[in-house]
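Trainee: Compute the structure for the input listed below.
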Amino acid sequence: MPLDLPIPILIVDDEADLRDLLVEALQDQGYAAEGAEGGAQALALVHQRHFPVVFTDLNMPGGLSGLELLRAIREEEPRTMGILMTGYATTESAIQALKRGAYDFIQKPFKLAEIEASLERALEHYRLRRENEEYQQNLERMVETRTQEITGLKNDIERLFEGFVNASVTAIESRDPSTSGHSSRVAELTVGLAEAVNRTPNGPYGSLQFNALQIREIRYASLLHDFGKVGVREQVLVKAKKIEGERLESIYQRLHQRALESLRDHLLEAWSKGQSFDHGTLGHLLAQEEKTTRRLMELVRRSNEPTVLPQEVAHELNLLQDLTYQHWSGEARALMDPGDLDLLKISKGSLSAQERDEIQSHVTHTYRFLSQIPWTSELAGVPGIAWAHHERLNGGGYPRQLTEPDIPVQSKLMAVTDVYDALTAADRPYKAAVSLERSLEILDQEARVNLLDAEVLRIFLEARIYERTMVQGRVP
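Mentor: Predicted coordinates:
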């Protein structure tokens, strides 16, 4: 169901500059954007006209909060999609906001592209929901209609399934916001690559032709290839450092405590021998302990980064192995838990072997989920294609360590696009985006060692498939 143009959008924020900026930007995009400085003014505008989407700040001094405003709007117009904006976001606050009726949750400061992407998703969801409402209201009439309308019914069902796929992708991205857009980009790239294979007259795939249904099968498999991430713990999915949060703070606190304990021990030993300390000697000892502590803290900080761990840093970590601190019970305990020390010694990345296995399990979760769907015969290959997208030609992939003859061609296509997008993505918490040139070099290296299909990569490069996602504002 198309929306009447221009689409009304409401921006509610007590910060006039930000509010005016968003209103002007959306008006430039062709929307009928309006602004309100608080809940009361926003409700007055909602009484006057219907807004498909309302952006609102979460915390606004005086009057209604953002959540209270969205609840009030939903009571009057349940179809309105509410999107919260806040500079004090936590995972818990985001979950609570979504549970209480917000469609999306954006953290300040944000880029205009994030607002645009969230708005597009909300409007698409709004449109699909309106279509679903209309479908439900008219189902009996549609069943009783003439035979020639069966084709129209089939198209409606296909649109509903598209809505299901889009909702599934939304579920994936809400589970792991750092990879937002990845599934859609991989689908765009893989479909483009399959179409380029169709245009290739010679070579190993010269005789291969994907028909329209097979292209659709590839698209669905690509959109849903990471759905199994819903079965992986959130703290593993978004883990940016080897040790995070309170565990890391505890290590720093113990190192600080150890310095004070060492200084105390020096004083007690001197007093037991009848010695005394002047301010200069005490200051010198304190400076030495602080220097040692800073060096050890810096060692922990460097080791905690997900980049490649230098060999000399890995060797220096042994200094932490025998350090102790005094527990409140009075006993001496190891300053570093063995598990934390093992995490710091991870040579590359932020995941332990167990956590990496958990991440890799998402492929099997995906297959099990997709296998529950009663696919038509034309789309029956979707689960198997998604299942094999992390397999590698030399058997070094996962989860089944398949070799080249057993990997579906469609999965070989997706393997190239998935690696490319993962390299160039700028929104991963555990790595910086890799340039286009360097990404293509890495793809070439992986093809040379028989990880990726060299012919598939050749087509990917010659057809410049990577440009299909560059036009979306993600120029690597």
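Trainee: Please count neighbours and contacts with C-alpha atoms only from this point.
Mentor: Fine.
Trainee: Break this structure into its domains for me.
Mentor: 8-137, 164-235+358-470, 245-350 (automatic domain parsing).
Trainee: Going along the chain, name the strands of the protein.
Mentor: 8-12, 32-36, 53-57, 81-86, 104-107, 324-326, 332-334 (DSSP state E).
Trainee: Who does the last one pair with, and is each partner parallel or antiparallel?
Mentor: Neighbouring strands of strand 332-334 in its sheet, by DSSP bridges, are strand 324-326 (antiparallel).
Trainee: Report the contact partners of Glu124.
Mentor: Residues near Glu124 by C-alpha atoms under 8 Å, 6 or more residues apart in numbering: none.
Trainee: and it, what pLDDT?
Mentor: pLDDT for Glu124: 92.
Trainee: Compare the domains of the chain and give me the one nearest Asp156.
Mentor: Closest to Asp156 of the domains of the chain is domain 8-137 (C-alpha to C-alpha; 8.1 Å).
Trainee: and the closest one, how far from the chain's centre?
Mentor: Here domain 8-137 is found 22 Å from its chain centre; the criterion is C-alpha atoms, centre = their mean, to the nearest Å.
Trainee: Please apply the same query to stretch 293-307.
Mentor: On C-alpha atoms, centre = their mean, the centre of stretch 293-307 falls 26 Å from that of its chain.
Trainee: And stretch 207-214, by the same measure?
Mentor: Relative to its chain's centre, stretch 207-214 lies at 32 Å (C-alpha atoms, centre = their mean).
Trainee: Show me which positions of it end up buried.
Mentor: Residues of stretch 207-214 classed as buried: 208-209, 214 (neighbour count, 16 or more other C-alpha atoms under 10 Å).
Trainee: any chance of the residues you listed in a markdown table, plus distance to Thr190 and pLDDT?
Mentor: Output for the buried residues of stretch 207-214, formatted as a markdown table (distance: C-alpha to C-alpha, whole Å; pLDDT from 0 to 100):
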| residue | distance to Thr190 | pLDDT |
| --- | --- | --- |
| Leu208 | 15 | 94 |
| Gln209 | 14 | 95 |
| Gln214 | 12 | 95 |
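Trainee: Closest one to Asp342 out of these, please.
Mentor: Of the buried residues of stretch 207-214, the one sitting nearest to Asp342 (C-alpha to C-alpha) turns out to be Gln214, at 46.1 Å.
Trainee: Now do the contacts for that closest one.
Mentor: 378-379.
Trainee: what's the answer for Glu134, then?
Mentor: Counting by C-alpha under 8 Å, 6+ apart, Glu134 has no contacts.
Trainee: For it, report the pLDDT, please.
Mentor: Reported pLDDT for Glu134: 81.
Trainee: any idea how far Gly339 is from it?
Mentor: 56 Å (C-alpha to C-alpha, to the nearest Å).
Trainee: Also Glu331?
Mentor: 20 Å.
Trainee: and if you look at Glu305?
Mentor: In terms of C-alpha to C-alpha, Glu305 sits 16 Å off from Gly339.
Trainee: In terms of neighbours, single out the busier of these two.
Mentor: Per other C-alpha atoms under 10 Å, whichever of Glu305 and Gly339 has more neighbours is Glu305, with 20 against 10.
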